[in-house]
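>>> Okay, here's the prediction I keep looking at, along with the sequence it came from:
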Amino acid sequence: MENAIFFITGRGRSGTWLLKSILDSHDKICVAPESLFIETLYYKFHNKKKWTKKVKLSFYNFLIKDERIANWWQLDQELLMKTILQQPEDTTFASMCLIPYKIYSLAQDKKSAVLYGDKNPGYSLRISLLKKLYPQSKFVILVRDPRDNVSSFKNVTFDLRNPIALAERWRLYYKKIISSQKKHPESIKIFRYEDLILKPELTLHEVCDFLNLDYDKRMLDFYKNPKNLLEWNKKISDPFDTTNVYKWEKEKTE
């Protein structure tokens, strides 16, 4: 159970939410919305050797305080607490962190799912930590042309507005990712956003091969049942939009 998870990451505004929606349409995959709860709870709970009832309840209470868990995951809190309390005292932090994914999967009626996914751009900088917790986990990385990536941030309010600073963040993220890939070449695979948009079926075949799953053609219909639809990710309710590729050529001056 502790290795039944993979991570979708890469710099924000590189199509990670799009890929989340696509892979979540696979019959054998359930990808939860963003949350950094693994990282935020790690420092408080990862060294626990004995998971008493008191520790389990503390874990539960910290977990449900996470704003995204509360607003986006919409878990059955009674079932969540019951499942946490049922775990043996010698369980591990990694196992405890998989419980919310299991509860979310049940809520989404993904009973045939064999692999949980976690999409979070911030985990680009935390691959070593995640590999420590889940040694067999894999990382699906998306990279987008930096000029398009920087341009896309003008449409959102949750990051910097300075193009030079945004370009530096793009560089930092992929420098960190490539460094991690050298340490774990079998676990990290980088895919181009442009290939996902322009050659979706071929690219998704490669993603499924990497995850050791059969290709599911229903992934191409991801836009018919969008989840967690927000103003800044509303493109997930549309088919693949090729106009999003190399937009910088039309928008940027010399």
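Looks like it came in fine.
>>> you'd agree N71 is in a helix?
Yes: under DSSP: H, G, I helix; E, B strand; the rest coil, N71 falls within a helix.
>>> what about the helices in this structure?
16-24, 37-45, 53-64, 67-68, 77-85, 93-107, 127-133, 146-152, 163-183, 193-198, 200-210, 248-251 (DSSP state H).
>>> Quick one: the ones you listed as TSV, columns for distance to P239 and mean pLDDT too.
Every C-beta, even on glycine, is put in place using the N, C-alpha and C of the backbone. Output for these, formatted as TSV (distance: least, C-beta to C-beta, whole Å; pLDDT from 0 to 100):
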stretch	distance to P239	mean pLDDT
helix 16-24	11	96
helix 37-45	32	96
helix 53-64	36	98
helix 67-68	27	92
helix 77-85	35	98
helix 93-107	26	96
helix 127-133	31	97
helix 146-152	19	93
helix 163-183	27	97
helix 193-198	10	98
helix 200-210	9	98
helix 248-251	21	81
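>>> most packed of those helices?
helix 16-24 (a mean of 26; mean count of other C-beta atoms under 10 Å).
>>> Of the helices of the chain, give the one that comes closest to I5.
helix 93-107 (6.5 Å; C-beta to C-beta).
>>> And the closest one, what does it pack against?
Using 3 or more C-beta pairs under 8 Å, 6 or more residues apart in numbering; DSSP states H and E, the elements in contact with helix 93-107 are strand 29-32, helix 37-45, helix 53-64, helix 77-85, strand 115-119, helix 127-133.
>>> quick one: the longest one to chain centroid distance?
Using C-alpha atoms, centre = their mean, to the nearest Å, we find the averaged C-alpha position of helix 53-64 to lie 23 Å away from the chain's own average C-alpha position.
>>> How far does stretch 123-142 stretch from one end to the other?
With C-alpha to C-alpha, to the nearest Å as the measure, the ends of stretch 123-142 fall 12 Å from one another.
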